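K.L.:
okay, predicted coordinates and the sequence, questions at the end:
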Amino acid sequence: MKKIMRAMIAMLVVLSIFSTSFIAFADGWDTDPVPLDVCSHTLKEKVVVKAGPGTDGKYYEYCTKCSYKSEEKVIPCIKGVALKKTVFTYDGKKKTPEVNVKDGSGKTISSKYYDVSYQNNSVVGKKTRALITFKGKYTGKYYRDFTIKLGNTTLKVDKTGVNAVQLSWKKVPGAKYYGIYELDSKSVYQRVASTSKLTYTVKNRKSGKRYDYLVRAYYINAAGKEVLSDFSGAGRAYGITLCKAPKATAKVSGKDVKLSWNSVQGAASYRVYRYDTKTGKYITLVNNYSGKSFVAKKQPKGTNYYLVRAYNSRGGGSPYNTKILAKAVVK
Ligand SMILES: [Zn+2]
């Protein structure tokens, strides 16, 4: 009996294993429809309340293939709207600064959610602004101002005369004219002239003196008002007018000629010449000389002429002037 029982149990075990595996095999052939909770959602957003300046919005997500709908979620408000650049230099072209927009959570809002238009963005001296209009899940309008200014010029002193300083500068796009400013004794730049040209000679100045200049560009705005350029170091320059030539006198002593002259305002040094009447050339006898008298030794026989020129600290010498030659007859 025990043997039979054991054999039957063994058969049952084998049968149960076989049937289980058969059922498992049959599951693979199941053709039931896909249950709803296995939908691979195609989600879209539905805005309930648009987000605006300082106020959050709301939206939910829904599936286009099934009836799924999410809980309502927050659209963070529009918090910061700023132009990436607010100052431009006029060049006649339209300026279109980029906009940087942040939401209440500190994230950047994509530019697909707003349009930007510009007003007066290629002129100097007018209300120049960007208008940012939100769309999509955002609403609101912002104006942001920016500036288009005249550029700076570069000033230089071309040359100086005894009583004049000749200036020139670079053209500034958009400039109608230029104002020339001179530093006064109280260290304030005063406008001394205006011109639409790129050069100007300031006259009636003292000899051997330093003069500081500043040139600024002007533009006339729609209201008829002057709009000034900024200015930088490049718009400034200075010149030292040439010294008047000293009037020298000559005294002969044997073959030597002693020249004496008055001191001249602004003179840093003097140069003494003998003038060759045959060739018209000036022969330098002494250079970079700081005294006010000089003895020219062993001078040629006959009638000689001498000239003293005063040099300012910039190395500019007083003009050659045959009318003030000192005459000396050497025997
Ligand atoms: Zn779905």
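P.N.:
Received it, and whenever you're ready, just let me know what you need.
K.L.:
need the residue closest to the centroid of this structure.
P.N.:
residue 89 (7.1 Å; CA atoms, centre = their mean).
K.L.:
neighbours around the nearest residue in space to that residue that is not next to it in sequence, how many?
P.N.:
Leaving out its chain neighbours, the residue that sits closest to residue 89 by CB to CB, 6 or more residues apart in numbering is residue 151, at 4.5 Å. In this view, the C-beta of every residue, glycine as well, is placed from N, C-alpha and C. Neighbour count of residue 151, defined by other CB atoms under 10 Å: 20.
K.L.:
can you tell me how far residue 151 is from residue 92?
P.N.:
11 Å (CB to CB, to the nearest Å).
K.L.:
shared neighbours of those two, anything?
P.N.:
The contact sets of residue 151 and residue 92 overlap at 173-174 (CB atoms under 8 Å, 6 or more residues apart in numbering).
K.L.:
coming back round to it: isn't the residue nearest to the centre of the chain right up against residue 149?
P.N.:
Yes: with contacts counted by CB atoms under 8 Å, residue 89 reaches residue 149, the gap being 6.2 Å.
K.L.:
check which helices and strands the strand or helix carrying residue 271 sits against.
P.N.:
In the assignment (DSSP states H and E), residue 271 maps to strand 269-276. For strand 269-276, the elements it packs on are strand 281-289, strand 293-296, strand 302-311, judged by 3 or more CB pairs under 8 Å, 6 or more residues apart in numbering; DSSP states H and E.
K.L.:
for residue 122, find the nearest of those strands.
P.N.:
Between residue 122 and those, the shortest separation by CB to CB is 50.6 Å, and it involves strand 302-311.
K.L.:
could I have stretch 78-93 exported to CSV, CA atoms only?
P.N.:
Provided in CSV are the C-alpha atoms of stretch 78-93 (Å, rounded to 0.1, in the frame of the first residue of the first chain):
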residue,chain,number,x,y,z
ILE,A,78,6.8,87.3,-14.3
LYS,A,79,9.3,88.8,-12.0
GLY,A,80,12.2,90.6,-13.7
VAL,A,81,12.3,92.1,-17.2
ALA,A,82,15.6,93.7,-18.2
LEU,A,83,17.5,94.7,-21.3
LYS,A,84,20.9,93.0,-21.6
LYS,A,85,22.5,96.3,-22.8
THR,A,86,21.1,99.8,-22.2
VAL,A,87,23.7,102.2,-23.6
PHE,A,88,24.6,102.3,-27.3
THR,A,89,26.8,104.6,-29.4
TYR,A,90,25.1,106.1,-32.4
ASP,A,91,26.1,104.7,-35.8
GLY,A,92,22.8,105.2,-37.7
LYS,A,93,21.8,101.5,-37.3
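K.L.:
quick one: contacts of it?
P.N.:
51-54, 95, 97-104, 106, 109, 122-124, 130, 132, 134, 138, 140, 142, 144-151, 173-174, 219.
K.L.:
so of those residues, which ones are in strands?
P.N.:
Among the contacts of stretch 78-93, the ones falling in strands (DSSP state E) are 99-103, 130, 132, 134, 142, 144-145, 147-149, 219.
K.L.:
what's the ChimeraX line that selects buried ones from these?
P.N.:
Selecting only the buried entries of these in ChimeraX, with 16 or more other CB atoms under 10 Å as the criterion:
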select :99,101,103,130,132,134,142,148,149,219
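K.L.:
what's the burial count for residue 138?
P.N.:
Neighbours of residue 138 under the rule other CB under 10 Å: 21.
K.L.:
and residue 29, what's its pLDDT?
P.N.:
Here, the pLDDT recorded for residue 29 equals 49.
K.L.:
what parts of this structure come near the ion?
P.N.:
Residues of the chain lying close to the ion by CB under 5 Å from the ion are 39, 41, 63, 65-66, 68.
K.L.:
report the contact partners of whichever residue of the stretch 201-331 of the chain sits closest to the ion.
P.N.:
Here the residue of the stretch 201-331 of the chain nearest the ion is residue 222; by CB to the ion that distance is 59.5 Å. Residue 222 makes contact with 125-126, according to CB under 8 Å, 6+ apart.
K.L.:
confirm it sits in a helix?
P.N.:
No: applying DSSP: H, G, I helix; E, B strand; the rest coil, one finds residue 222 to be coil, outside a helix.
K.L.:
and residue 60, bridged to which residues?
P.N.:
Beta bridges link residue 60 to residue 46, judged by DSSP bridges.
K.L.:
nearest spatial neighbour of residue 120, chain-adjacent residues omitted?
P.N.:
residue 126 (4.1 Å).
K.L.:
can you report phi and psi for the one you found?
P.N.:
phi -120, psi 160 (degrees, to the nearest 10).
K.L.:
show me the contact partners of the one helix or strand residue 259 maps to.
P.N.:
Following DSSP H and E, one finds residue 259 within strand 256-261. Defining contact as CB under 8 Å, 6+ apart, one finds that strand 256-261 is touched by 246-252, 270, 272, 292-299, 304, 306, 308, 326, 328, 330.
K.L.:
may I see the ChimeraX selection of the buried members of the residues you listed?
P.N.:
Buried subset of the contacts of strand 256-261, written as a ChimeraX selection, criterion 16+ other CB under 10 Å:
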select :246,248,250,270,272,292,294,296,299,304,306,308,326,328,330
